[in-house]
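Student: Below: sequence and its predicted model.
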Amino acid sequence: MLHRIPIETVGPRGAAMAHAVESCIHCGFCLPTCPTYEVLGDEADSPRGRIMLMKEVLEGTLDPAVAAPHIDRCLGCVACQTHCPSGVEYGNLISSYRSLEGSKVHSPGTFAGKLRRKLASLTLPYPKRFSLAMKMGKLGRRLRWVTPKALHPMLDLVPEALPPAEVVPDLSPAIGTERGIVFLHIGCAAQVLRPDITSAAIRVLNQNGISVHVPKAQGCCGALHWHIGDAKNAMKLATINLAAFGNGDEPIITTAAGCGSGMHEYPLMMAGQRNIDLAKRFADRTIDISEYLDRIGIVPPPKVTKLRIAYHDACHLAHAQKVRKPPRNLLKSIPGVELVELQESDLCCGSAGTYNIDQPEIAAQLGKRKIDNVVASQCDIVALGNIGCQIQIEQHLSKAGKAIPVLHTIQILDRAYRQLNPSIT
């Protein structure tokens, strides 16, 4: 017998879920914008199809186990929101639905899938653990033949070498006249895989008269747990950040699209909690570094040797946060840069948090599709605003034998200011 999950009883996120379900008019404009529908061609693996599946589960007319594989295959890229004429807030629905407890909304999955997801949840949000996991993964790559096949998708993402760790000061004062004060969220994966992003962000902000505070008590934003339905741990991590960044007025700067999007979702994540007002204030203060710099106006960088830069739109920057022009404006402000547009620039690259671990086959198809467009652009550098995209695109370019640097927008701007060759990684 099927068990109905009344939407009015699913907790404080029920209203957001109901609004999204009721807003959908089933027009189908979302279908060609959905990466999984593009790859699989199945209505059930489209936003419209998933909304219907979730609605039927909540109404008790569909077994959650039937819907679960299709829900699990959703990247959460929310490209559908950008193109929806009815303004369906699909992201609010999918995240809230996945967070339902005791409703069997997730597919049982294979042992391999469960193991990979568990390991990612226990390591990636914690830099020290993640660094150790990367070192063990490097050993696992050498001993691939004796490493469990369940871990091979994770081993494929382990880099040959990790960059040296960089010390992040509590306070980095502005250079010259102080124009503003910000707090910087430094994320988790970037600290291990690309610590230069944080250092570059601080240098560029300082160069533009901004003093930067980096609260030591901060932690992972919680987006990884939130987007796979682990609301309990996501809320724990969010609570740590709410305390670490306080209740001031200063902007909270993010350098990762995924983190910024997750932090903007704190009000939904913390719905019904005592600190909901603080969560709303925190979300209002959060802003991507490209948007912040574009808003205040930057010191013109020195001229660089002519470079063709292709900009990739990270899903959680372009679709979730609606930030498209600012990073492009920053890149075009560098004399000598020719900005070229990628075909399907805002189609997901397949990274999507832990998606390339959870759904490696689909992620690989999207990754290849992305680098085909990168190569076709004949660019010298790929610019972007998210660490996950950076690693995914680098990996697929390497597999294709293409030596095209992939850099965060802020890394390129920093190298221009320091008169270093941005194309050398």
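Tutor: Arrived safely.
Student: I figured residue 269 hits residue 279, correct?
Tutor: Yes. With contact defined as CB atoms under 8 Å, residue 269 counts as touching residue 279 (7.3 Å). C-betas here are computed from N, CA, C, even on glycine.
Student: Pull up the overlap in contacts between those two.
Tutor: residue 238 (CB atoms under 8 Å, 6 or more residues apart in numbering).
Student: who has more neighbours, the two?
Tutor: residue 269 (27 against 23; other CB atoms under 10 Å).
Student: before we move on, what SS does the most centrally placed residue in the chain have?
Tutor: Centroid-nearest residue in the chain, with CA atoms, centre = their mean: residue 258, separated by 2.3 Å. Following DSSP: H, G, I helix; E, B strand; the rest coil, residue 258 is assigned to helix.
Student: And it, how close does it get to residue 40?
Tutor: In this view, residue 258 and residue 40 are 23 Å apart by CB to CB, to the nearest Å.
Student: what do you get for residue 324?
Tutor: Relative to residue 40, residue 324 is positioned 27 Å away (CB to CB).
Student: same deal with residue 293?
Tutor: Going from residue 293 to residue 40 by CB to CB gives 39 Å.
Student: all helices for the stretch 1-150 of the chain, in order.
Tutor: Listed in chain order, the helices of the stretch 1-150 of the chain (DSSP state H, counting those that start in this stretch) span 14-23, 35-40, 47-59, 64-72, 79-83, 90-98, 111-123, 127-142.
Student: so can I have TSV of these showing mean pLDDT?
Tutor: Formatted as TSV, the helices of the stretch 1-150 of the chain follow (pLDDT from 0 to 100):
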stretch	mean pLDDT
helix 14-23	87
helix 35-40	94
helix 47-59	91
helix 64-72	88
helix 79-83	93
helix 90-98	90
helix 111-123	77
helix 127-142	78
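Student: Pick the most buried one from those.
Tutor: Stretch with highest mean neighbour count among the helices of the stretch 1-150 of the chain: helix 90-98 (a mean of 24; mean count of other CB atoms under 10 Å).
Student: Just the angle for it relative to helix 64-72, thanks.
Tutor: 140 degrees (axes from the mean of the first three to the mean of the last three CA atoms, to 10 degrees).
Student: Name the residues that touch helix 90-98?
Tutor: For helix 90-98, the external contacting residues (CB under 8 Å, 6+ apart) are 10, 13-14, 16-17, 19-21, 30, 47, 50-51, 54, 71, 74, 76, 78, 80-81, 84, 105-106, 226-229, 265, 268-269, 320.
Student: next one: stretch 228-240
Tutor: Contacts to stretch 228-240, defined as CB under 8 Å, 6+ apart, come from residues 95, 98-101, 105-106, 117, 121, 125, 217-223, 225-226, 266, 269-270, 273, 275, 279, 353-354, 358.
Student: Just the buried residues of those.
Tutor: Among the contacts of stretch 228-240, those scoring as buried are 95, 98-100, 105-106, 117, 121, 125, 218-223, 225-226, 266, 269-270, 273, 275, 279, 353-354, 358 (criterion: 16 or more other CB atoms under 10 Å).
Student: Leaving aside the residues adjacent along the chain, what's closest to residue 163?
Tutor: residue 195 (6.1 Å; CB to CB, 6 or more residues apart in numbering).
Student: May I have the phi/psi pair for that neighbour?
Tutor: Backbone torsions of residue 195, given as degrees, to the nearest 10, read phi -60, psi -20.
Student: Next: residue 406.
Tutor: With angles defined as degrees, to the nearest 10, residue 406 sits at phi -120, psi 110.
Student: Wasn't residue 279 part of a strand?
Tutor: No. Counting by three-state DSSP, one finds residue 279 to be helix, located in no strand.
Student: Hmm, it is touching residue 242, no?
Tutor: Yes. Checked against CB under 8 Å, the pair residue 279 and residue 242 is within contact range at 6.3 Å.
Student: Would you map the strands across this structure?
Tutor: For the chain, the strands defined by DSSP state E cover 171-172, 180-185, 210-213, 252-254, 286-288, 307-311, 337-341, 381-384, 406-408.
Student: Could you list which residues are in contact with residue 341?
Tutor: By CB under 8 Å, 6+ apart, the contact set of residue 341 is 310-311, 377.
Student: Name the nearest residue to residue 53, ignoring sequence neighbours.
Tutor: Counting by CB to CB, 6+ apart, residue 53 lies nearest to residue 67, which is 3.9 Å off, once chain neighbours are set aside.
Student: Would you mind confirming that the one you found makes contact with residue 51?
Tutor: No. Look at residue 67 against residue 51 with CB under 8 Å: they stay out of range, at 10.7 Å.
Student: okay, now the nearest residue to residue 254 once chain neighbours are set aside: neighbour count?
Tutor: Excluding its sequence neighbours, the residue lying closest to residue 254 (CB to CB, 6+ apart) is residue 260, at 3.9 Å. The tally of other residues near residue 260 (other CB under 10 Å) stands at 31.
Student: Low-confidence stretches in the protein?
Tutor: 1-9, 101-112, 145-146, 424-425 (pLDDT under 70).
Student: Touching both of residue 279 and residue 242, which residues are there?
Tutor: With CB under 8 Å, 6+ apart as the test, residue 279 and residue 242 both reach residue 266.
Student: ok, back up a step: please produce a markdown table containing the helices of the stretch 1-150 of the chain, extended by distance to residue 404.
Tutor: Below are these laid out as a markdown table (distance: least, CB to CB, whole Å):
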| stretch | distance to residue 404 |
| --- | --- |
| helix 14-23 | 38 |
| helix 35-40 | 22 |
| helix 47-59 | 32 |
| helix 64-72 | 32 |
| helix 79-83 | 24 |
| helix 90-98 | 31 |
| helix 111-123 | 27 |
| helix 127-142 | 23 |
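Student: among the ones you listed, which is nearest residue 336?
Tutor: Of all these, helix 79-83 sits nearest to residue 336, with 31.6 Å by CB to CB.
Student: helices or strands up against the closest one?
Tutor: Using 3 or more CB pairs under 8 Å, 6 or more residues apart in numbering; DSSP states H and E, the elements in contact with helix 79-83 are helix 90-98.
Student: Specify the angle between the helix it packs on and helix 47-59 in degrees.
Tutor: Using the same axes, to 10 degrees, helix 90-98 lies at 40 degrees relative to helix 47-59.
Student: so how far is helix 90-98 from its chain's centroid?
Tutor: Distance of helix 90-98 from its chain centroid, counting by CA atoms, centre = their mean, to the nearest Å, is 16 Å.
Student: Between helix 14-23 and that helix, find me the angle.
Tutor: Here the directions of helix 90-98 and helix 14-23 differ by 120 degrees (the same axes, to 10 degrees).
Student: how about the CA coordinates for helix 90-98, as CSV?
Tutor: What follows is helix 90-98 as a C-alpha-only set of coordinates in CSV (Å, rounded to 0.1, in the frame of the first residue of the first chain):
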residue,chain,number,x,y,z
TYR,A,90,12.7,24.1,-9.1
GLY,A,91,15.8,24.3,-6.9
ASN,A,92,13.6,24.8,-3.8
LEU,A,93,11.5,21.8,-4.7
ILE,A,94,14.3,19.3,-5.5
SER,A,95,16.5,20.2,-2.5
SER,A,96,13.5,20.1,-0.1
TYR,A,97,12.2,16.9,-1.5
ARG,A,98,15.6,15.2,-1.2
